[in-house]
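Asks: when you get a sec, could you give me coordinates for this:
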Amino acid sequence: MEDNLAYEKAQLEKGCVYIAGVDEVGRGPLAGPVTVCAIVMPLNAEDIIAEVTDSKKLSAKKREKLCPLIEEKALACKVVSLPPEYIDKVNILNATKEAMRLALAGLKIRPDVALIDAVNIESVCPVVPIIKGDLLSYSIACASIVAKVTRDKYMDDQALIYPQYGFEKNKGYGTKTHIDAIREYGITPLHRRTFVTHFI
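Replies: Numbers count the residues shown, from 1 in each chain. Presented below is the predicted three-dimensional model:
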């Protein structure tokens, strides 16, 4: 896992002790929250979880296996989800940034620096935006897995309340079956009105 620890090692060499990884899931869906995880992982060799990588490259089964291991090892972890009505109010980018700020501020350990996937924010600590950070940074990858598993579980639960929309399969993304369901049944409180107006 040498490759995805390079950014962490660079910060350790600068004297940082607590390095947070931050990532979001749910910027693109038509329904559901945007969910962010901020996490501080131990970086000594014996604590590295070898299979951790970008959550999008892992199967759901593998993510669900890794998530509790990550949460157990984490020195600090905070997940923040912001709902569709907030996304509609401030737009998805601003909602994502606010969730990132809240997640970092909510950590029980204040990080010396935060490595963030692609986004730059003002926060409680300096931030380093990294393009494709969930692939290139171990800490961001850990955050991406926790955020993804958390949001997916929420959407699975919502599928029981709104079974017509197939949330257990599409997680709120705009698949053909989801769009067809919107046209047939209308929207739910889970839908982002600013995302679905042209489907109604």
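
Asks: at the geometric centre of the protein, which residue do we find?
Replies: By Cα atoms, centre = their mean, the mean C-alpha position of the chain lies nearest to residue 24, the distance being 2.7 Å.

Asks: mind checking the SS state of that residue?
Replies: With DSSP: H, G, I helix; E, B strand; the rest coil as the basis, residue 24 sits in strand.

Asks: quick one, what contacts residue 117?
Replies: By Cβ atoms under 8 Å, 6 or more residues apart in numbering, the residues touching residue 117 are 22, 23, 24, 129, 130, 132, 133, 134, 137, 140, 143, 144. All C-beta spots, glycine's among them, are computed from the backbone N, C-alpha and C.

Asks: quick check: closest non-adjacent residue to it.
Replies: Spatial nearest neighbour of residue 117, excluding adjacent residues (Cβ to Cβ, 6 or more residues apart in numbering): residue 133 at 3.7 Å.

Asks: and the longest helix along the chain, what's its mean pLDDT?
Replies: Identified as the longest helix of the chain according to DSSP state H is helix 138-161. On average, the pLDDT along helix 138-161 is 98.

Asks: and it, what other elements does it pack with?
Replies: helix 6-13, strand 19-25, strand 34-40, helix 60-73, strand 76-82, strand 113-117, helix 133-136, helix 167-170 (3 or more Cβ pairs under 8 Å, 6 or more residues apart in numbering; DSSP states H and E).

Asks: would a markdown table of these with distance to residue 184 be doable?
Replies: Formatted as a markdown table, those follow (distance: least, Cβ to Cβ, whole Å):
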| stretch | distance to residue 184 |
| --- | --- |
| helix 6-13 | 46 |
| strand 19-25 | 27 |
| strand 34-40 | 26 |
| helix 60-73 | 27 |
| strand 76-82 | 27 |
| strand 113-117 | 36 |
| helix 133-136 | 35 |
| helix 167-170 | 15 |
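
Asks: out of these, which comes closest to residue 88?
Replies: strand 76-82 (10.7 Å; Cβ to Cβ).

Asks: what's next to the closest one, contact-wise?
Replies: Counting by Cβ under 8 Å, 6+ apart, 18, 20, 33-40, 70-71, 95, 98-100, 102-104, 106-109, 111, 146-147, 150-151, 154 sit against strand 76-82.

Asks: can you select the buried ones among those residues for me in PyMOL?
Replies: In PyMOL, a selection of the buried entries from these looks like this (16 or more other Cβ atoms under 10 Å):
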select buried, resi 18+20+33+34+35+36+37+38+39+40+70+71+95+98+99+100+102+103+104+107+111+146+147+150+151+154
